[in-house]
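Q: got a sequence here, can you model it:
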Amino acid sequence: MTAELDLEVSRIIKAPRDRVWNAWVDPERLAQWWIPHPITCRVVSLEVQPGGAFVTEMREDNGPFVPHLSACFLDVLPKERIVYTNALTGGWRPAANGFVTAIITLADHPDGTHYRAQALHKSRADREKHEELGFHDGWGTVVDQLAKLAETKT
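A: I've put the predicted structure just below:
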């Protein structure tokens, strides 16, 4: 990680890695935590494999769903790592306005799972823009929502 280009959130989730992983790869579960509440998320495509599409939409106040994320999975190591970027769309197609590559890692921890999300940017300006848009609040909120879901035994 490069401090002038990248941002990170990290937290211990008091649930086994399987449960955290399943919250990531199950479209119904992902929709429950992927966007800060009260915004609603719809998972359009979740092909969790290299080259697979990762497309979500969001809706505020019962309005229409609008695009949220259109990305491509670059690397997937089950229960350990997910890497995706919005510089590409599914099938490795170049995207018009790529902004970030994310690396999500899951590791065992005595209290459950160490969850780490890194946002890598091509320039300091993009990193600063992402921070100004509320990276820590937004990504922190969704990690809290993920933890709440994963920590609930279902």
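
Q: please compute how far the helix ranked longest in the chain lies from its chain's middle.
A: Longest helix of the chain, by residue count under DSSP state H: helix 135-151. Distance, stretch centre to chain centre, for helix 135-151: 10 Å (Cα atoms, centre = their mean, to the nearest Å).

Q: give me the buried positions along it.
A: Neighbour-count burial for helix 135-151 flags 135, 139-147, 149-150 (criterion: 16 or more other Cβ atoms under 10 Å). C-beta: built from backbone N, CA, C; applies to glycine.

Q: stretch 47-58 now?
A: For stretch 47-58, burial by neighbour count (16+ other Cβ under 10 Å) applies to 48, 52-58.

Q: quick one: the helices in the chain, in order.
A: Under DSSP H, the chain gives helices at 17-25, 27-33, 124-132, 135-151.

Q: show me what the shortest one is packed against.
A: Packed against helix 27-33, as judged by 3 or more Cβ pairs under 8 Å, 6 or more residues apart in numbering; DSSP states H and E, are the following elements: helix 17-25, strand 40-46, helix 135-151.

Q: quick one: average pLDDT of that helix?
A: Averaged across helix 27-33, pLDDT comes to 98.

Q: buried set for that helix?
A: For helix 27-33, by 16+ other Cβ under 10 Å, it's 29-33.
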